[in-house]
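J.: Structure for this input, please:
(one chain, ligands or ions: 2)
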Amino acid sequence: MTQYSRVSGSVGLITLKNPPVNQLSAVVRHGIVDTVQKALSDPKVKSVVICGQNGMFCGGADIKEFQTLANMRGPPLIPMIHSIEAADKPVVAAIEGGAFGGGLELALGCHYRIAHSKAKVGLPEVTLGLLPAAGGSQRLPRLIGVPAALSLITTGRHITAAEALQLGLVDQVADHNTVDAAVKFALSVAGQSLDARRISNFQCPPVPNMDALFEDVMQKVRTTARGAIAPIACVQAVRAAATLPYTQGMQREKELMATLFTSGQARALQYCFFAQRVVGRWSMPSGARWDTSKGRPIHKAAVIGLGTMGRGITVALAQTGLSVVAVETQEKQFMEAKKAVSNMLERGAKRSGKPLAHGKITYSQSLQAVADVDLVIEAVFEDMGLKKKVFQQLSAVCKPGTFLCTNTSTLDVDELASQTHQPELVVGMHFFAPAHIMKLLEVVYGPRSSPELVAVVMELGKKMGKVSVAVGNCRGFVGNRMLKPYRDQAYFLLEEGATPQLIDQALEEFGFAMGAFKVSDLSGLDVGWKVRKEEGLVQPGGGSGKSARIRNGVRYSPLGDLMCEQGRFGQKTGRGWYQYDKPGSRDARPDPWMHSFLEEYRARHGLVARRISNQEVLERCLYAMINEGFRVLEDGIAAGPEDIDIIYVFGYGWPRHRGGPMFYANMVGLEIVLERLEHYAQANPDMPTLQPCSLLRKLVASGSPPVNKWKEVIKNVRSQL
Ligand SMILES: CCCCCCCC(=O)CC(=O)SCCNC(=O)CCNC(=O)[C@H](O)C(C)(C)COP(=O)(O)OP(=O)(O)OC[C@H]1O[C@@H](n2cnc3c(N)ncnc32)[C@H](O)[C@@H]1OP(=O)(O)O
Ligand SMILES: NC(=O)C1=CN([C@@H]2O[C@H](COP(=O)(O)OP(=O)(O)OC[C@H]3O[C@@H](n4cnc5c(N)ncnc54)[C@H](O)[C@@H]3O)[C@@H](O)[C@H]2O)C=CC1
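T.: Ligands and ions are numbered 1, 2, ... in the order given. A predicted model of the protein is given here:
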């Protein structure tokens, strides 16, 4: 709703009231239209202030209304904003908290904008697969110029009040009560001419070499968009602002929005927005939940092992303001880590403009140094024997009640918990490299893990700026478990006739940041090789005969092992599935050696290369992964499809505009996914990961309900077990 009052004698004060973020639902839009009308027709009112309740101006259109066009009743935003701009009394927006999307567009229709110093503003529509279509794409470039508007609109980034002031987006910044400041300001401008304040009448500030600017921006946007259409439409809309009169620009904005609005991409991105919030409301099979489990404050934390991961985790913890004890036993690593952490912190401070967190870290080469910490994150080598020893030591050294966490990427968290005196105080905190940058944190609980600990770790993840997803314990947890069948299929396709480039290109065209083989080169082929050797899967020389490509009755590809035997570990050795200029270089080039290697391999194993289509690459890699996702749901390892999708979007480079693997399956059609899996499973009886999982069959049998209804089917399936 919207509240109206007259304050200071002659100022009409309109307050948006719609928790949680005063989003512009139909009722609010009605309220604005009515109260603006009231203020403008009241002769006692000389100026108007629009603000939002609870320290928040407005979070934009009500995204929930976008689910169906039929929901979008009530006065449309565009004429509402026009009538504010056309008013003959000054209208001032008092921006506290934030003005985003339609909220900022509303403020741009006002004649003046005053923001609190802690407020943020932005046009994040692009992140929802849309563009600022309530005049934002036309007014913002007219106000702050084309280059700055392009930067804000194509990225959707939120900017501070200080930056907004510098850009001329707001007129004043208030340190104290913004509404009071706006009322005072409104009194001071009452009666003044508004001709120069209506942004739609402005000309865009001229840009030298405008064609070149737009070409350049479009090229950059196309590269980073990875197939997303909204950023491209945003550039086109701003171009219309720069080249067309306002009314025609608005027409173009409307046309572009109509295409975006009905696109599957907008649905996927809006699903991701809500899914990200759903995963914060975690639950455990025991019934413990986010709203009934209370954590306790963590003041001091420790990191054990300062290798690749430990360094990033130390930085992420220190940046939250915690005291951190960083432990590394090897002298060389110890010295290098200190320097590396300090550089990472400096770079982080430069990027964020926040003060350095150096002083909060103490370094030690002894585990004894962690005796008084509240929480430990272990990040030593991926070796069960070593980790067990470290957990036994931690259990002996740490004060009672200390939370013990492991950053293992695959090992059994329960087995580690069983090494300690208080197994209920052990969970996995699976960070992704680089740990201080990557947004995803998988929080892995076991059957004995205490809800208090899960609450603590989820909260800590939030403080570190992570998107934390609570999942159950199994090999590879959710992310790496689902990655295995995806990677296996990529290897099998190589055997059958594909090349690394062909497969990667298909996956990158789909929208992945990197194809499976580029990722493998980046993370190092030797990592998986070590694990496979420990599991007894590796036969020197790749083995021969029928058994060479079968392990435990299941198809196995020794290709990765053969690559490692040749020292081709990926980027680190300058040779992997691709070749690189030098070790450590990132520029992947196809390697002609690969052609003869694969030919020779196929000849040895009696395989005849065939043409592999992009469609087969996508179906086999993605549907195998999705099928495993259904198994993860069936096993209760993930609470719902949102958890899986968020893990993939934030941790594995899955294109956000495709919503995550489970949402994608829903978009494709579950019956189609099932049919294709059946087809491939029949052709490859030695690949059980292609055998459709029973949950997928049950979902199809129950009419392929939309993704937000899957939990009900899963509940029924699980109750029948
Ligand atoms: C042909 C059709 C023509 C149509 C023309 C329309 C053109 C347009 O211009 C379209 C738009 O406005 S699109 C909307 C643009 N606004 C945004 O993207 C802001 C989204 N919200 C945020 O970024 C953060 O919530 C924010 C920064 C605001 C606050 O962050 P916090 O971390 O403090 O809080 P959250 O946990 O994110 O959110 C709290 C609860 O609020 C819900 N929510 C947030 N924004 C919403 C919004 N705009 N609409 C509906 N619900 C919204 C959010 O879901 C959460 O609730 P729960 O999910 O229940 O927890
Ligand atoms: N590298 C990656 O991309 C990811 C790794 N992980 C997991 O993180 C853990 C660490 O991996 P990385 O950082 O890559 O390994 P790393 O080999 O770079 O670092 C491990 C560090 O632990 C130190 N260390 C070994 N024993 C120790 C002990 N008893 N006390 C103190 N320090 C000790 C080593 O000296 C080394 O510096 C592993 O469990 C791994 O599976 C998880 C996610 C991603």
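
J.: could you point out where the stretch 601-721 of the chain is predicted with low confidence?
T.: 720-721 (pLDDT under 70).

J.: any idea how far Arg586 is from Phe517?
T.: For Phe517, the distance to Arg586 (CB to CB, to the nearest Å) stands at 14 Å. All C-beta atoms are positioned from the backbone trio N, CA, C, and that covers glycine.

J.: Between these two, tell me which one has more neighbours.
T.: Between Phe517 and Arg586, Phe517 has the larger neighbour count (other CB atoms under 10 Å), namely 26 against 10.

J.: Buried residues, the host helix or strand of the more buried one. List them.
T.: Phe517 belongs to helix 516-523 when assigned by DSSP states H and E. Buried residues in helix 516-523, counted by 16 or more other CB atoms under 10 Å: Ala516, Phe517, Lys518, Val519, Ser520, Asp521.

J.: same check, this time on stretch 504-518
T.: Judged by neighbour count using 16+ other CB under 10 Å, the buried positions of stretch 504-518 are Asp504, Ala506, Leu507, Glu508, Phe510, Gly511, Phe512, Met514, Gly515, Ala516, Phe517, Lys518.

J.: how about Ser585, phi and psi?
T.: When read as degrees, to the nearest 10, the backbone of Ser585 gives phi -70, psi 160.

J.: so how far is the helix holding Phe517 from its chain's centroid?
T.: Using CA atoms, centre = their mean, to the nearest Å, the mean C-alpha position of helix 516-523 is found 20 Å from that of the whole chain.

J.: coming back round to it: adding distance to ligand 1 and pLDDT, write the buried residues of stretch 504-518 out as JSON lines.
T.: Output for the buried residues of stretch 504-518, formatted as JSON lines (distance: CB to the nearest ligand atom, whole Å; pLDDT from 0 to 100):
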{"residue": "Asp504", "distance to ligand 1": "33", "pLDDT": "98"}
{"residue": "Ala506", "distance to ligand 1": "32", "pLDDT": "98"}
{"residue": "Leu507", "distance to ligand 1": "29", "pLDDT": "98"}
{"residue": "Glu508", "distance to ligand 1": "27", "pLDDT": "96"}
{"residue": "Phe510", "distance to ligand 1": "25", "pLDDT": "97"}
{"residue": "Gly511", "distance to ligand 1": "21", "pLDDT": "96"}
{"residue": "Phe512", "distance to ligand 1": "25", "pLDDT": "95"}
{"residue": "Met514", "distance to ligand 1": "28", "pLDDT": "94"}
{"residue": "Gly515", "distance to ligand 1": "31", "pLDDT": "97"}
{"residue": "Ala516", "distance to ligand 1": "32", "pLDDT": "97"}
{"residue": "Phe517", "distance to ligand 1": "36", "pLDDT": "98"}
{"residue": "Lys518", "distance to ligand 1": "32", "pLDDT": "97"}
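
J.: Give the full set of residues in contact with Arg575.
T.: Contact analysis of Arg575 by CB atoms under 8 Å, 6 or more residues apart in numbering lists Gln566, Gly567, Arg568, Phe569, Asp591.

J.: tell me which element the residue lying closest to Gly574 once chain neighbours are set aside falls in.
T.: Nearest non-adjacent residue to Gly574, counting by CB to CB, 6 or more residues apart in numbering: Pro583, 4.1 Å away. Assigned by DSSP H and E, Pro583 falls within no helix or strand.

J.: Return the residues in contact with Pro583.
T.: Contacts of Pro583 (CB under 8 Å, 6+ apart): Gln571, Lys572, Thr573, Gly574.

J.: Apply 7 Å and report the result again.
T.: Pro583 sits next to Lys572, Thr573, Gly574 when contact means CB atoms under 7 Å, 6 or more residues apart in numbering.

J.: Check Pro500 too.
T.: Counting by CB under 7 Å, 6+ apart, Pro500 has contacts Leu494, Phe517, Trp577, Tyr578, Met594.

J.: The third one against Ser520, yeah?
T.: Yes - applying CB atoms under 7 Å as the test, Trp577 and Ser520 come out as touching, 6.2 Å apart.

J.: Quick check on the residue in the chain positioned nearest to ligand 2: phi, psi?
T.: The nearest approach of the chain to ligand 2 comes at Gly307, 1.7 Å away (CB to the nearest ligand atom). The phi and psi torsions at Gly307 (degrees, to the nearest 10) take the values phi -90, psi -150.

J.: number of nearby residues for it?
T.: Close neighbours of Gly307, defined as other CB under 10 Å, add up to 15.

J.: number of nearby residues for Tyr556?
T.: Number of residues near Tyr556 (other CB under 10 Å) recorded here: 22.

J.: how near is it to Ser520?
T.: Separation of Tyr556 from Ser520 (CB to CB): 16 Å.

J.: hang on, the earlier thing: wait, which of the buried residues of helix 516-523 is closest to Pro205?
T.: Among the buried residues of helix 516-523, Lys518 lies closest to Pro205 (CB to CB), at 41.7 Å.

J.: these two touch, right, that closest one and Gln505?
T.: No - contact criterion CB under 7 Å: Lys518 and Gln505 do not qualify, at 10.3 Å.

J.: can the contacts of Pro583 go into TSV with extra columns for neighbour count and secondary structure?
T.: As requested, the contacts of Pro583 are exported to TSV (neighbours: other CB atoms under 10 Å; DSSP: H, G, I helix; E, B strand; the rest coil):
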residue	neighbour count	secondary structure
Lys572	16	helix
Thr573	19	helix
Gly574	18	coil
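
J.: ok, these vs ligand 1, which is closest?
T.: Using CB to the nearest ligand atom, the contacts of Pro583 come closest to ligand 1 at Lys572, 38.6 Å.

J.: Hmm, the closest one is touching Leu522, no?
T.: No - judged on CB under 7 Å, Lys572 makes no contact with Leu522 at a distance of 9.2 Å.

J.: Determine the number of other residues adjacent to the nearest residue to Ser450 once chain neighbours are set aside.
T.: Excluding the flanking residues, the one nearest Ser450 by CB to CB, 6+ apart is Glu424, at 4.3 Å. Here the count is done by other CB under 10 Å, and Glu424 has 16 residues near it.

J.: And for Met1?
T.: By the criterion of other CB under 10 Å, Met1 has 13 neighbours.

J.: what does Arg267 give?
T.: Using other CB under 10 Å, the number of residues around Arg267 comes to 20.

J.: quick check, distance from the one helix or strand it maps to to the centre of its chain.
T.: Take DSSP H and E as the rule and Arg267 turns out to sit in helix 264-278. Using CA atoms, centre = their mean, the mean C-alpha position of helix 264-278 is found 11 Å from that of the whole chain.

J.: ditto for stretch 453-471
T.: 15 Å.

J.: quick one: Val327 and Ile304 touch, right?
T.: Yes - the criterion here is CB under 7 Å, and Val327 meets it with Ile304 at 4.9 Å.

J.: Which two of the buried residues of stretch 504-518 have the greatest separation?
T.: The widest separation within the buried residues of stretch 504-518 (CB to CB) is 16.6 Å, between Gly511 and Phe517.
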